[in-house]
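1. With the sequence up front, the predicted model follows.
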Amino acid sequence: MEQLIYSIVYSNWYLWVLGLFICVILLLLRRSNDRQGNGSANKPKLPPGSAGLPFIGETIRFLRDAKSPGRRKFFDEHELRYGPIFRCSLFGRTRAVVSVDPEFNKYVLQNEGRLFESNALAPFRNLIGKYGLSAVQGELQRKLHATAVNLLKHETLSSDFMEDIQDIFQAGMRKWEEEGDIPIQHKCNQIVLNLMAKKLLDLPPSEEMGDIYKAFDDFVGAVLSFPLNIPGTTYARGIRARGILLKRIHKCIKERREHPEVLRNDLLTKLVREGTFSDEIIADTIIFFVFAGVETSAMAMTFAVKYLAENPRALEELRAEHDALLKAKGKGNEKLTWNDYQSMKFVHCVINETLRLGGATVVLFREAKQDIKVKDFVIPKGWTVSVFLSATHVDGKYHYEADKFLPWRWQNEGQETLEEPCYMPFGRGGRLCPGLHLARFEIALFLHNFVTKFRWEQLEIDRATYFPLPSTENGFPIRLYSRVHE
Ligand code: HEM
């Protein structure tokens, strides 16, 4: 044995020397990075923290701890040591500060375009395009944002979305009923994709449009993948899918420009009629809607089903609300109206609580446009602030029994409210999600249909993961039981 060890050490001596050399360099770089943070007598101090390993920073530890129950381990340990705003390099952003301070998070997001600006990394920009909303700044961002808000406001939802959402969700659920056992995560993805394809481009459901839906799927899947653009990777498939989608969208734009007399009730037609945007801007805006509106809403639906399955009391209360709504409408009159939607109460508590525990946005990145003074420290111009929304959503300092699914916390005045900066599932300020009313509307109509049509049982234990997006490892398989004979 001893001989074996000697032979391994001596025959590979050059590898050991090289390894030692790399370790020394990494240590020296780390010390010099850490020293940057201490500040000299006349230099303002950076927030406390550690740079971690060069380039990698503390990413590995963050990813490991992101899986821990409650997801707060990484933040709890750092907060205890450094406070809620600390220097920390993650995902290759080396000159960066993490914030889990709700008031500072709100300050950062509300000063979008003035003191801070959204800074998407190049691989992400390549997918969403030059004019994808997250990549656009200044006047154009404000204009596109205002257009998106206008396209997705309450009045439009009640007039243009009500019928389509119900038709598409109900058609989907009829098929699920025939199948019996379904992975609910994939199925929710499918119905939301069908809805977005219809509302964005007036495309018929997926079965008739195989290729384009495959491209939608590949594109959405790639947005949060490792950005390695070589054949066979998810990212490369996403870039290819972007090309296919662009071709299709440009064809649709051409049709709308050449035949303005054809009546269509989709967002593309409205963007073309607006008259001020180039084709390139319109195409990237539509693609961005796919990115922003599919996985986010579908995941919220999946997590609502998961949390309700684990909390029978909440499920019964929700079912009672929606059975009563249907009963009041009478047989043969099951389609909901805008007033029905507005009369729903408990479903909004369920949605709030689902987005608190399993909301799609874990972190938002902002770049400081000038030196920012915060407490006794300075965040230098050009540094990134990583605003961790989900960490404040599950922080016991701000939410009682923070790790539990308790929709009732949203019920009474004086308990949790949507205004607090410790709860910002849709962001804040100049980039506040313009799709927030649509998302809530979709989730509410989905839950209404789902709980009134089905009972269900979970088929296997399926672990939830929460980074980069909330997801379940096996798509959350369930067995459906029709409620028709109840
Ligand atoms: C539960 C579902 C959703 C969640 C949790 C969510 C969350 C968010 C958040 C946190 C932001 C802010 C990003 C930032 O500050 O950089 C955002 C932006 C955005 N969202 Fe949503 N979103 C959802 C659904 C939707 C839907 C359904 C649409 C539209 C179809 C949509 C369209 C957008 C757009 C266009 C932006 C960019 C705004 C801008 O940068 O000016 N979102 N979303």
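-> Ah, there it is.

2. Count the residues that sit near the residue of the stretch 301-450 of the chain found nearest the ligand.
-> With CB to the nearest ligand atom, the shortest gap between the stretch 301-450 of the chain and the ligand falls at Gly435, namely 2.1 Å. For every residue, glycine as well, the C-beta is placed using N, CA and C. Close neighbours of Gly435, defined as other CB atoms under 10 Å, add up to 19.

3. and the residue in the stretch 251-400 of the chain positioned nearest to the ligand, how far is that from Val220?
-> For the stretch 251-400 of the chain and the ligand, the shortest gap (CB to the nearest ligand atom) falls at Gly293, measuring 2.7 Å. Using CB to CB, to the nearest Å, we find Gly293 at a distance of 10 Å from Val220.

4. Common neighbours of the two, please.
-> Residues touching both Gly293 and Val220 (CB atoms under 8 Å, 6 or more residues apart in numbering): none.

5. How about the residues of the stretch 251-400 of the chain by the ligand?
-> 288-289, 292-293, 296-297, 300, 359-361, 364 (CB under 6 Å from any ligand atom).

6. quick one on the thing from earlier: thought the residue of the stretch 301-450 of the chain closest to the ligand was touching Gly293?
-> Yes. Using CB atoms under 8 Å, Gly435 makes contact with Gly293 at a distance of 5.3 Å.

7. Arrange the residues of the stretch 251-400 of the chain next to the ligand in TSV, one row each, with secondary structure and neighbour count as further columns.
-> Listed next are those as TSV, based on DSSP: H, G, I helix; E, B strand; the rest coil; neighbours: other CB atoms under 10 Å:
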residue	secondary structure	neighbour count
Phe288	helix	21
Phe289	helix	25
Ala292	helix	22
Gly293	helix	24
Thr296	helix	22
Ser297	helix	25
Ala300	helix	26
Gly359	coil	23
Ala360	coil	23
Thr361	coil	19
Leu364	strand	22
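
8. Adding distance to Cys422 as columns, could you present the residues you listed in a markdown table?
-> Formatted as a markdown table, those follow (distance: CB to CB, whole Å):
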| residue | distance to Cys422 |
| --- | --- |
| Phe288 | 28 |
| Phe289 | 28 |
| Ala292 | 23 |
| Gly293 | 25 |
| Thr296 | 20 |
| Ser297 | 23 |
| Ala300 | 19 |
| Gly359 | 12 |
| Ala360 | 17 |
| Thr361 | 14 |
| Leu364 | 15 |
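
9. Identify the bridge partners of the residue nearest to Leu480 when sequence neighbours are not counted.
-> The shortest distance from Leu480 to any non-neighbouring residue, by CB to CB, 6 or more residues apart in numbering, is to Phe454 (4.8 Å). Beta bridges link Phe454 to Ser482 when assigned by DSSP bridges.

10. Burial check on Phe454, number of neighbours?
-> With other CB under 10 Å as criterion, Phe454 counts 18.

11. same thing with Glu353?
-> 24.

12. Let's verify it: helix, strand, or coil?
-> Here Glu353 is recorded as helix under DSSP: H, G, I helix; E, B strand; the rest coil.

13. So which residues of the stretch 101-250 of the chain form helices?
-> Counting by DSSP state H, counting those that start in this stretch, the stretch 101-250 of the chain has helices at residues 102-110, 122-128, 138-151, 154-156, 162-179, 184-201, 210-222, 234-258.

14. What is the fourth one packed up against?
-> Based on contacts counted as 3 or more CB pairs under 8 Å, 6 or more residues apart in numbering; DSSP states H and E, there is no element that helix 154-156 packs against.

15. same thing with the last one?
-> Identification of packing neighbours for helix 234-258 by 3+ CB pairs under 8 Å, 6+ apart yields helix 122-128, helix 184-201, helix 210-222, helix 267-274, helix 279-293.

16. just the first one next, same as before
-> With contacts defined as 3+ CB pairs under 8 Å, 6+ apart, helix 102-110 has these neighbours: strand 363-368, strand 384-388, helix 389-393.

17. let's see it at 6 Å
-> Under the contact definition 3 or more CB pairs under 6 Å, 6 or more residues apart in numbering; DSSP states H and E, helix 102-110 sits against strand 384-388.

18. likewise the fifth one?
-> Packing partners of helix 162-179 (3+ CB pairs under 6 Å, 6+ apart): helix 184-201, helix 436-453.

19. Can you say which of those is packed in most?
-> Comparing these by mean neighbour count (mean count of other CB atoms under 10 Å), helix 184-201 ranks first with a mean of 23.

20. How far away from the center of its chain is that one?
-> Put simply, helix 184-201 sits 16 Å off its chain's centre (CA atoms, centre = their mean, to the nearest Å).

21. outside of that helix, which residues touch it?
-> 164, 168-169, 172, 203, 205-206, 216, 252, 266-268, 286, 289-290, 293-294, 297-298, 301-302, 305, 472, 475-476, 478 (CB atoms under 6 Å, 6 or more residues apart in numbering).

22. Which members of those are classed as buried?
-> Taking 16 or more other CB atoms under 10 Å as the criterion, what is buried in the contacts of helix 184-201 is 168-169, 172, 203, 205-206, 216, 252, 266-268, 286, 289-290, 293-294, 297-298, 301-302, 305, 472, 475-476, 478.

23. Next, name the residue at the spatial heart of this structure.
-> The residue lying closest to the centre of the chain (CA atoms, centre = their mean) is Ala360, at 3.1 Å.

24. Please look at that one and Val294 and confirm they touch.
-> No. At 10.4 Å, Ala360 and Val294 do not qualify as touching, with contact defined as CB atoms under 6 Å.

25. Point to the helix or strand of this protein where mean pLDDT is at its lowest.
-> helix 2-11 (a mean of 42; mean pLDDT, DSSP states H and E).

26. tally of neighbours for Gly138?
-> Gly138, neighbours per other CB under 10 Å, totals 9.

27. Hmm, I typed the wrong one, I wanted Ala215.
-> Neighbour number of Ala215 under other CB under 10 Å is 23.
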